[in-house]
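Novice: Structure of the sequence below:
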Amino acid sequence: LRRAQDEVVLRLQRPEKTSRTSSKPPATDRKEQREHSKPGGAKSGHEGHSRVVSDDPDAVVEHRSEACACCGASLHAALPAEVVSVAEPIELPAVAPIVTQHQRLAVRCPRCGERVVAPVPEAARGTPFGPRLHAVATYLKTFQALSYERL
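Specialist: Here you go, the predicted model:
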């Protein structure tokens, strides 16, 4: 019992292991500054910063409880309500391609009866894809390293 007590006393008297006195990693050291430092965060009374709520949202959806959480009574829509909080998820609009169809028309000449076909317009020559689509494809191939197969 005496020997066990002496071992406990000796163990308690040894200096604490640190990364300098043992093979412990430095991240496990207790920092004296951390122990005596002030808590982080904003000072008391400081006005917070947040994103400004939109003046004219595209859609407003009101979320209202249907029943009282306490007694279960029905909370019908005619009861006055107040806005408690506002959340505004923002999303980009869906991209839709603009397709312009160029139609070549043929007309029968009323004088000689010849069938006259309109010439091929400049917009209908070459590739069917416009300059913006070409730019996106070039960007994806050149800068994002997409393969031709994935493009």
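Novice: Check what pLDDT Glu66 gets.
Specialist: Listed pLDDT for Glu66 reads 91.
Novice: residues contacting it?
Specialist: By CB atoms under 8 Å, 6 or more residues apart in numbering, the contact list for Glu66 reads 74-75. Every C-beta, even on glycine, is put in place using the N, C-alpha and C of the backbone.
Novice: cool, and Ala81?
Specialist: Contacts for Ala81 were tallied using CB under 8 Å, 6+ apart; they are 62, 64.
Novice: Where does it sit: helix, strand or coil?
Specialist: Of the three states, Ala81 takes coil under DSSP: H, G, I helix; E, B strand; the rest coil.
Novice: same deal with Arg132?
Specialist: helix.
Novice: Chain neighbours aside, what residue packs nearest to Leu105?
Specialist: Ala118 (5.4 Å; CB to CB, 6 or more residues apart in numbering).
Novice: what residues are up against that neighbour?
Specialist: Going by CB under 8 Å, 6+ apart, the list of residues near Ala118 reads 104-106.
Novice: of those residues, closest to Val95?
Specialist: Nearest to Val95 out of those is Arg104 (CB to CB; 29.3 Å).
Novice: count of neighbours near the closest one?
Specialist: Counted with other CB atoms under 10 Å, the neighbours of Arg104 add up to 10.
Novice: Quick check, it in contact with Val117.
Specialist: Yes: at 6.2 Å, Arg104 and Val117 qualify as touching, with contact defined as CB atoms under 8 Å.
Novice: Can you name the next helix or strand after the worst-scoring helix or strand of the chain on mean pLDDT?
Specialist: Using mean pLDDT, DSSP states H and E, helix 32-36 stands out as the lowest-scoring helix or strand of the chain, at a mean of 64. As assigned by DSSP states H and E, the chain's next helix or strand after helix 32-36 is strand 106-108.
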